[in-house]
Every structure is written in structure tokens, then in C-alpha cells.
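The sequence and its predicted three-dimensional model are supplied below.
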Amino acid sequence: MIGIDMMARFVPAHLDSGKFTPEERRAATVRGTIIYVNYAHKYFTVEYELDGVTYKESFNFSDCGKTVTVRG
């Protein structure tokens, strides 16, 4: 089950490109912390820092294992 303060790894949407090589994809991957979970609508929000700026990105539960990896 997804919960607040769990860690998530993903490539931010503004960087995501189908043209990334596996090496570029690994380099673009960020780690963030889940700060909000909406169980009724099945999505969660992750906060992460990139180049000193804090960003937030939301994912559907169905994105787990596809575009985002969640760990407790």
C-alpha cells in the first residue's frame, strides 16, 4: 500500500523522452518523497528536488512499476 513518507524514483515528466538511452534515463532519474495520497481517486503526489528547486509531480496508482517505482 502506498503511504506518506515512502520514497519514489522516476524520470520527471518535463525531462521524459522516448529518445533517452538507458544511460541517459538513469542519469535523469530523481528520488522523491510521497507527500500526499488520495485513495478515493487513486493518485499520489511526490515532492523532489532538482538543481536546488523543489518540484511536485503526481501519479496514478496504475503508474507504479511503469513510470514510477515506490519503496517503503
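Arrived safely.

How about residues contacting the lowest-mean-pLDDT helix or strand in the chain?
Counting by mean pLDDT, DSSP states H and E, the chain has its least confident helix or strand at helix 22-28, which shows a mean of 91. In this structure, residues lying in contact with helix 22-28 by C-beta atoms under 8 Å, 6 or more residues apart in numbering are V11, P12, L15, D16, F20. Bear in mind the C-beta positions are built from the backbone N, C-alpha and C, glycine included.

want to try a markdown table for those residues, with pLDDT and neighbour count as columns?
Listed next are the contacts of helix 22-28 as a markdown table, based on pLDDT from 0 to 100; neighbours: other C-beta atoms under 10 Å:
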| residue | pLDDT | neighbour count |
| --- | --- | --- |
| V11 | 94 | 18 |
| P12 | 94 | 15 |
| L15 | 85 | 15 |
| D16 | 69 | 12 |
| F20 | 86 | 14 |
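
Looking at those, spot the one nearest A40.
Closest approach to A40 among these (C-beta to C-beta): P12, at 25.7 Å.

Name the residues linked to the residue sitting nearest the centre point of the chain by a beta bridge.
With distances taken as C-alpha atoms, centre = their mean, F10 lies nearest the centre of the chain, 4.3 Å away. Applying DSSP bridges to F10 yields these beta-bridge partners: V30, V68.

and it, how far is that from A40?
23 Å (C-beta to C-beta, to the nearest Å).

next one: T69
24 Å.

More neighbours: which of the two?
When T69 and A40 are compared for neighbours, T69 comes out ahead with 14 against 6, by other C-beta atoms under 10 Å.

and the residue nearest to C64 when sequence neighbours are not counted, how many neighbours does it have?
Once flanking residues are discounted, C64 sits nearest to V70: 5.5 Å by C-beta to C-beta, 6 or more residues apart in numbering. Using other C-beta under 10 Å, the number of residues around V70 comes to 20.

V70: which element?
Assigned by DSSP states H and E, V70 belongs to strand 68-71.
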